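Here is the input, now give the coordinates:
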Amino acid sequence: MLAVEFLDFLPPQMREPVLFAVPFFLLLLILEWTAARKLEHAEDRPGTGAYHTRDSWASISMGLVSMATMSVWKFLALLGYAAIYAYLAPWQLSATQWYTWVIALVGVDLLFYLYHRMAHRVRLVWATHQAHHSSEYFNFATALRQKWNNSGEILMWIPLPLSGVPPWMVFFAFSISLIYQFWIHTERIGKLWRPIEFVFNTPSHHRVHHGMDQLYLDRNYGGILIIWDRLFGTFQPEVFRPRYGLTKPVTTFNIWKLQTHEYSAIFRDLRAARGMRAKLGYVFGPPGWQPAVAPETATAAHART
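The predicted structure follows:
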């Protein structure tokens with residue numbers, strides 16, 4: 001209530017849609033939590049759609065901190081976007097035109113796909129994103145397990161104000177994407193009508209994305225639309241229930257460690273790396289990248305075993 005009263009003092013275009021959606025998030029969270037408890041007991045299938053109390057509180061806590069950090073990132077971005085929109089954009093699109101909204105919503109979704117794909121393939125960016133994948137459960141609480149460093153997304157959105165999209169519309173469109181992606185974090189919804197599954201990101205598609213199984217790794221990056229994955233060859237349908245979490249689990253519920261452990265791992269690898277190529281590989285290569293072992297070194301190592 002206080003958040004809504006505070007937002008009344010802001011211009012309509014600067015209000016944060018995610019804040020208005022919080023009660024909706026909480027209601028769905030409670031409903032799914034209750035259903036999971038009852039179904040788990042009735043079906044005697046622990047783990048399927050279940051909640052782990054400490055895991056859920058870690059996710060919720062990370063989500064609350066993320067709302068604060070995202071506000072800071074958006075404020076900084078607003079300054080830069082406003083300058084780009086005013087001085088560099090070749091034209092300025094009107095927010096009253098329908099096509100401006102289409103450009104904003106579709107543009108944000110395409111750029112989210114590209115950013116999300118990069119976040120899984122570039123280790124430095126993965127360090128900002130991996131906390132979202134760190135839960136071994138898949139439920140509405142997991143949707144709240146958001147990153148605190150939004151710098152990658154901020155940079156990825158620059159083409160939109162540069163194309164004349166008003167900065168506030170960029171933020172609004174991303175908030176719509178974030179709100180949409182909440183409901184797809186559940187095991188309680190099966191596959192939907194085929195045309196919906198073909199066009200939109202759904203719980204089935206997003207379960208694949210959170211899977212640590214080899215078949216599911218680095219698949220289904222879409223935000224609202226799944227057509228980007230179909231177009232660019234990263235789509236994978238759900239064929240069995242995934243195992244969730246990171247391939248190298250982080251066995252803690254400490255939210256600071258969940259957010260920062262990959263940065264620490266990068267720093268350790270940099271200290272041990274020999275040569276600039278190895279250092280660059282550990283930072284900008286894909287997660288799990290290792291420098292190639294020279295044949296003579298591998299032979300010597302094999303001889304010692």
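
The closest residue in space to A278 that isn't next to it in sequence: neighbour count?
Spatial nearest neighbour of A278, chain neighbours left out: P291 (4.5 Å); criterion: Cβ to Cβ, 6 or more residues apart in numbering. C-beta coordinates here come from the backbone N, C-alpha and C atoms, glycine included. Each residue near P291 was counted by other Cβ atoms under 10 Å, and the total is 15.

that's a helix at P291, yeah?
No. Checked against DSSP: H, G, I helix; E, B strand; the rest coil, P291 lies outside a helix; its state is coil.

Cross-check the contact I'm expecting between D213 and P242.
Yes. Under the criterion of Cβ atoms under 8 Å, D213 lies in contact with P242, with a separation of 5.7 Å.

which one of those two has more residues nearby?
Under the neighbour definition other Cβ under 10 Å, D213 and P242 were set side by side, and P242 has more, 18 against 15.

V208 is in contact with the more buried one, correct?
Yes. With contacts defined as Cβ under 8 Å, P242 counts as touching V208 at a distance of 6.4 Å.

what's the average pLDDT for the longest helix anywhere in the chain?
Longest helix in the chain by number of residues (criterion: DSSP state H): helix 53-83. Within the predicted structure, the mean pLDDT of helix 53-83 is 87.

Kindly report the same for stretch 227-242.
Mean predicted confidence for stretch 227-242 is 97.

Keeping just the C-alphas, turn that stretch into PDB.
Once non-C-alpha atoms are left out, stretch 227-242 reads as follows in PDB (Å, rounded to 0.1, in the frame of the first residue of the first chain):
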ATOM      1  CA  ILE A 227      10.200 -18.100 -31.500                       C
ATOM      2  CA  TRP A 228      13.700 -16.600 -31.100                       C
ATOM      3  CA  ASP A 229      15.000 -20.000 -29.900                       C
ATOM      4  CA  ARG A 230      13.200 -21.700 -32.800                       C
ATOM      5  CA  LEU A 231      14.700 -19.200 -35.300                       C
ATOM      6  CA  PHE A 232      18.300 -19.300 -33.900                       C
ATOM      7  CA  GLY A 233      18.600 -23.000 -33.200                       C
ATOM      8  CA  THR A 234      18.500 -23.000 -29.400                       C
ATOM      9  CA  PHE A 235      15.100 -24.600 -28.900                       C
ATOM     10  CA  GLN A 236      14.700 -27.900 -27.000                       C
ATOM     11  CA  PRO A 237      11.300 -29.400 -26.100                       C
ATOM     12  CA  GLU A 238      10.700 -31.000 -22.700                       C
ATOM     13  CA  VAL A 239      11.000 -34.800 -23.100                       C
ATOM     14  CA  PHE A 240      11.500 -35.700 -19.400                       C
ATOM     15  CA  ARG A 241      11.500 -34.000 -16.100                       C
ATOM     16  CA  PRO A 242      14.700 -32.000 -15.600                       C
END
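
Give the buried residues for it.
By neighbour count with 16 or more other Cβ atoms under 10 Å, stretch 227-242 contains the buried residues 227-229, 234-236, 238, 242.

and if you look at stretch 130-141?
In terms of neighbour count (16+ other Cβ under 10 Å), stretch 130-141 has its buried residues at 130-141.

For these, give me JSON lines that also has distance to S151 and secondary structure.
Formatted as JSON lines, the entries for the buried residues of stretch 130-141 read as follows, by distance: Cβ to Cβ, whole Å; DSSP: H, G, I helix; E, B strand; the rest coil:
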{"residue": "Q130", "distance to S151": "15", "secondary structure": "helix"}
{"residue": "A131", "distance to S151": "15", "secondary structure": "helix"}
{"residue": "H132", "distance to S151": "15", "secondary structure": "helix"}
{"residue": "H133", "distance to S151": "19", "secondary structure": "helix"}
{"residue": "S134", "distance to S151": "20", "secondary structure": "coil"}
{"residue": "S135", "distance to S151": "23", "secondary structure": "coil"}
{"residue": "E136", "distance to S151": "27", "secondary structure": "coil"}
{"residue": "Y137", "distance to S151": "28", "secondary structure": "coil"}
{"residue": "F138", "distance to S151": "27", "secondary structure": "coil"}
{"residue": "N139", "distance to S151": "28", "secondary structure": "coil"}
{"residue": "F140", "distance to S151": "27", "secondary structure": "helix"}
{"residue": "A141", "distance to S151": "25", "secondary structure": "helix"}
